[in-house]
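# Sequence plus the predicted model coming up.
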Amino acid sequence: MKSKSIEFIMEGRRQRRRRWIIVTSSLTAFLIIVCCAMLLLGNTIYPVIDVIRALLGEQISGVSFAINTIRLPRMLAGLFAGFAFGIGGNTFQTMLRNPLANPNVIGITTGSSAAAVFCIVILHTSDTIVSVASVGAGLATVVFIYLFSKGKSFSIGRLILVGIGIQAMLNALISYILLVGAQQDLPAALRWLSGSLNGSQMHELPSLIITVLVFAPIIILLGKNLSILELGEQSATSLGVNTDKTRIVLILCSVCIIALATAITGPIAFVAFLSGPIAKRLVGVGFSNIIPAGLVGANLVLASDLIGQFAFEVRYPVGIITGIIGAPYLIYLLIRMNRKGEL
């Protein structure tokens with residue numbers, strides 16, 4: 001009887017592992033397809049062989065410029081920013097055990113946005129300064145949210161409410177900066193605020209790529225502890241997890257990749273909010289959905305950008321498309337949580 005129970009448990013684990021592998025492989029395959037589509041599609045559709053030759057460094061009239069200067073940077077920006085938003089959003093949602101506790105809703109990306117807009121419109125700084133300011137403002141926003149929501153005891157609900165309030169305040173600050181800024185700086189700032197891959201340049205991307213490649217593996221390695229944190233403070237402590245240290249490392253890594261992605265592409269709406277729940281629904285329980293969440297985020301950004309470019313007569317920034325997708329889900333989630341008494 002005991003051996004049958006153990007075999008039943010092991011079989012369930014094998015099934016969950018197979019599901020995780022199938023889902024992750026499928027998301028990776030779809031991501032490869034949309035990456036190829038980003039390189040192939042445009043005002044001119046180039047033959048695959050010409051695209052490959054251009055990527056390998058061969059100079060082909062018209063093709064090399066379009067691929068290496070326009071399409072490749074756009075694709076890489078969407079790929080790494082989407083992955084960063086997906087992993088970062090999922091980390092906050094899992095760690096705080098609430099789907100609303102993501103960087104978009106609680107104001108972290110808004111803090112990064114406010115700093116970036118200030119640097120672009122008022123200070124006219126370089127891209128490097130914008131990136132540094134975005135990361136610093138994102139971290140500062142986290143600290144303020146934590147301090148204002150701490151009270152006598154830590155409360156996730158209070159943290160979300162404080163975050164929403166800080167987000168509203170920062171949005172007002174952004175509006176004021178746009179109001180007093182020079183007229184010629186506003187189009188660039190507004191285009192950036194909508195969340196866009198337009199104008200992505202190769203020299204801007206190394207900082208984003210390096211940050212994701214450094215901090216995302218740390219989050220993945222802490223995936224087991226992150227899953228244990230979802231059980232609650234007491235359960236995690238009893239299972240040997242240093243909750244404070246783990247939470248600090250996860251927050252720092254998540255804020256860094258999200259803030260830098262925001263500095264490069266702008267605050268692409270709802271990607272951090274949608275990626276975790278979608279990945280969790282696809283993967284199920286029992287295995288970490290950190291990597292699937294990152295893949296979902298990258299797929300969302302690139303697929304939405306393709307839709308924004310080619311599905312309508314007018315081309316729309318990627319943030320508008322993800323906003324159209326994410327807003328109904330947010331309303332649905334709020335209604336469902338209200339019915340369950342979680343709000």
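It's in.

# Enumerate every residue touching Gly276.
Contacts for Gly276 (CB atoms under 8 Å, 6 or more residues apart in numbering) come out as Gly86, Gly89, Asn90, Gln93, Thr94, Pro99, Asn102, Asn289, Ala293. Heads up, the C-betas are built off the backbone N, CA and C, glycines and all.

# Now these in a markdown table, please, with extra columns for secondary structure and neighbour count.
Listed next are the contacts of Gly276 as a markdown table, based on DSSP: H, G, I helix; E, B strand; the rest coil; neighbours: other CB atoms under 10 Å:
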| residue | secondary structure | neighbour count |
| --- | --- | --- |
| Gly86 | helix | 34 |
| Gly89 | helix | 32 |
| Asn90 | helix | 31 |
| Gln93 | helix | 24 |
| Thr94 | helix | 23 |
| Pro99 | coil | 23 |
| Asn102 | coil | 30 |
| Asn289 | coil | 29 |
| Ala293 | helix | 31 |
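
# residues touching the residue most central in space within the chain, list them.
The centroid of the chain falls nearest to Phe85 when counting by CA atoms, centre = their mean (0.7 Å). By CB under 8 Å, 6+ apart, Phe85 lies in contact with Pro103, Ile258, Ala261, Ile268, Val271, Ala272, Ser275, Gly297, Val301.

# Equivalent analysis for Thr28, please.
Leu295 are the contacts of Thr28 under CB under 8 Å, 6+ apart.

# Report the buried residues of the host helix or strand of it.
Assigned by DSSP states H and E, Thr28 belongs to helix 2-40. Across helix 2-40, burial judged by 16 or more other CB atoms under 10 Å covers Trp20, Val23, Thr24, Leu27, Phe30, Leu31, Val34, Cys35, Met38, Leu39, Leu40.

# Check stretch 89-109 too.
For stretch 89-109, by 16+ other CB under 10 Å, it's 89-96, 98-109.

# In helices, which of the residues you listed appear?
Counting by DSSP state H, the part of the buried residues of stretch 89-109 found in helices is Gly89, Asn90, Thr91, Phe92, Gln93, Thr94, Met95, Ile108, Thr109.

# Those residues: which two are farthest apart?
Using CB to CB, those span at most 17.8 Å, a distance reached by Thr94 and Thr109.

# ok, back up a step: okay if I get the contacts of Phe85 as CSV plus pLDDT?
Conversion of the contacts of Phe85 to CSV gives the following (pLDDT from 0 to 100):
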residue, pLDDT
Pro103, 80
Ile258, 90
Ala261, 90
Ile268, 89
Val271, 91
Ala272, 89
Ser275, 91
Gly297, 95
Val301, 95
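
# how about TSV for the residues you listed, with distance to Ile218 and secondary structure added?
Shown next, in TSV, are these (distance: CB to CB, whole Å; DSSP: H, G, I helix; E, B strand; the rest coil):
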residue	distance to Ile218	secondary structure
Pro103	17	coil
Ile258	14	helix
Ala261	16	helix
Ile268	23	coil
Val271	21	helix
Ala272	18	helix
Ser275	18	helix
Gly297	17	helix
Val301	22	helix
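
# and which of these is nearest Leu179?
After measuring the contacts of Phe85 against Leu179 - CB to CB - the closest member comes out as Ile268, at 24.0 Å.

# what residues are up against the closest one?
Applying CB under 8 Å, 6+ apart to Ile268 gives the contacts Ala81, Gly82, Phe85, Gly195, Val301, Val318, Gly319, Thr322.

# hmm, back to that, nearest to Leu226 among the contacts of Gly276?
Lowest distance from Leu226 to these (CB to CB) belongs to Thr94, with 5.5 Å.

# List the contacts of that closest one.
The contact partners of Thr94, by CB under 8 Å, 6+ apart, come to Leu226, Ser227, Leu229, Glu230, Gly276.

# Isn't Ser200 up against Ala261?
No: using CB atoms under 8 Å as the test, Ser200 is too far from Ala261 to be in contact (11.8 Å).

# on that earlier part again, restricted to helices, list the contacts of Ile268.
Judged by DSSP H, the contacts of Ile268 include Ala81, Gly82, Phe85, Val301, Val318, Gly319, Thr322 as members of helices.

# For those, give me a markdown table that also has distance to Ile156.
Converted to a markdown table, the ones in helices among the contacts of Ile268 look like this (distance: CB to CB, whole Å):
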| residue | distance to Ile156 |
| --- | --- |
| Ala81 | 27 |
| Gly82 | 26 |
| Phe85 | 21 |
| Val301 | 28 |
| Val318 | 30 |
| Gly319 | 27 |
| Thr322 | 25 |
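
# looking at the residues you listed, which has the most residues close by?
Tallying neighbours with other CB atoms under 10 Å puts Phe85 at the head of those, with 37 neighbours.
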